[in-house]
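Colleague: fold the following.
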Amino acid sequence: MRFPAPKTEYNLLFLQGFSRHAGYPCTDPYIFHHRRSAVPTNELPAPRKRPRQQRSRALVEAIREACLKILEQEGPDRLTTARIADVAGVNIASLYQYFPNKEAVLADLYEERMAGLLAQTESEFARIHALTDQGVEATLAAIIDLEATLLLQLYRMYPDFYLQYQQSLDIRARVNQLTQSLANPSWEDWFPGFLRRHRQQLRAGPIDTMAFIARRSLDASLQSALAERPEALEDPVFRREVLNLLLRYLLK
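Modeller: The predicted structure is shown next:
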């Protein structure tokens, strides 16, 4: 189920309902909602080919590691294919055999980083699931922290590149696809159900509509911060204010 999209719709990462523990027929407790945009974005740069043999896989891994090392130690302005090859200790012709340009190397690095973030995030589910029994505030606070942290990590790798290809690098969409393929509920289904479990804490109102507005409020807050004040994503005061916004809307 999808809600009608406005001209530009931001459905940022939102942790789902830790599935089977919350009474849903699921296998693994991780579902995220994904972001869609009515404005097309650039397609993520692709490598020329994928390595198949162990030696070529080691070469590509060295290229990725060199790219990350340059970003972390020298900064994005120093990132060129020549510099990547130099730091990786490979011939630049070997680099071009697999990547047409530095953007393709960056895209491959981002793919690897997102896979790592998914693995790290999975370890958070049990902790956040435990909070769902405590109530709305504790659960939303943990979700906001997780969302903001993941967005900030991806942004900081290479801000301009991430913002340009943000839709293609949407970790939330990928997790959402995986969880739904495992019969997990979508985020739109889970969040209203979560609110109904805590109906006694909520003000009077239509829960489905309240859930929709709360999601969009969180989405807009995080997306605006990412675009205009990315440093706010790690600010505890900002995170608390986003939480207060949701709580004042939802609770009695």
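
Colleague: now do the strand or helix carrying residue 226, average pLDDT.
Modeller: Element membership for residue 226 (DSSP states H and E) is helix 207-228. What helix 207-228 shows for mean pLDDT is 95.

Colleague: let me know the next secondary structure element after it.
Modeller: Following helix 207-228 toward the C-terminus (DSSP H and E): helix 236-250.

Colleague: wait, residue 138 touches residue 130, no?
Modeller: No. In this structure, residue 138 is not within contact of residue 130 by C-beta atoms under 8 Å, at 9.0 Å. For glycine as for every other residue, the C-beta is placed from the backbone atoms N, C-alpha and C.

Colleague: how close does residue 153 get to residue 230?
Modeller: The gap separating residue 153 from residue 230 is 11 Å, by C-beta to C-beta, to the nearest Å.

Colleague: residue 81 now?
Modeller: Remark: distance between residue 81 and residue 230 (C-beta to C-beta) = 27 Å.

Colleague: for the two, indicate the residue with more neighbours.
Modeller: Neighbours per residue (other C-beta atoms under 10 Å) separate residue 81 from residue 230, with residue 81 holding more: 19 against 16.

Colleague: give the contact list for residue 67.
Modeller: Residue 67 makes contact with 79, 84, 102, 105-106, 109 under the criterion C-beta atoms under 8 Å, 6 or more residues apart in numbering.

Colleague: then residue 153?
Modeller: Here residue 153 is in contact with 113, 117 (criterion: C-beta under 8 Å, 6+ apart).

Colleague: and what of residue 114?
Modeller: By C-beta under 8 Å, 6+ apart, the residues touching residue 114 are 154, 169, 171, 174.

Colleague: okay, and it sits in which element?
Modeller: helix 102-122.

Colleague: returning to that earlier point: nearest to residue 134, out of the contacts of residue 114: which one, please.
Modeller: residue 171 (26.4 Å; C-beta to C-beta).

Colleague: so which bits of stretch 116-135 are buried?
Modeller: 117-118, 121, 124-125, 128-129, 131-132 (16 or more other C-beta atoms under 10 Å).

Colleague: typed the wrong thing, it's stretch 68-75
Modeller: 68, 70-71.

Colleague: quick check: the residue nearest the centre of the chain vs residue 67, distance?
Modeller: The geometric centre of the chain, computed from its C-alpha atoms, lies nearest to residue 171 (C-alpha atoms, centre = their mean), at 4.1 Å. Between residue 171 and residue 67 the computed distance is 19 Å (C-beta to C-beta).
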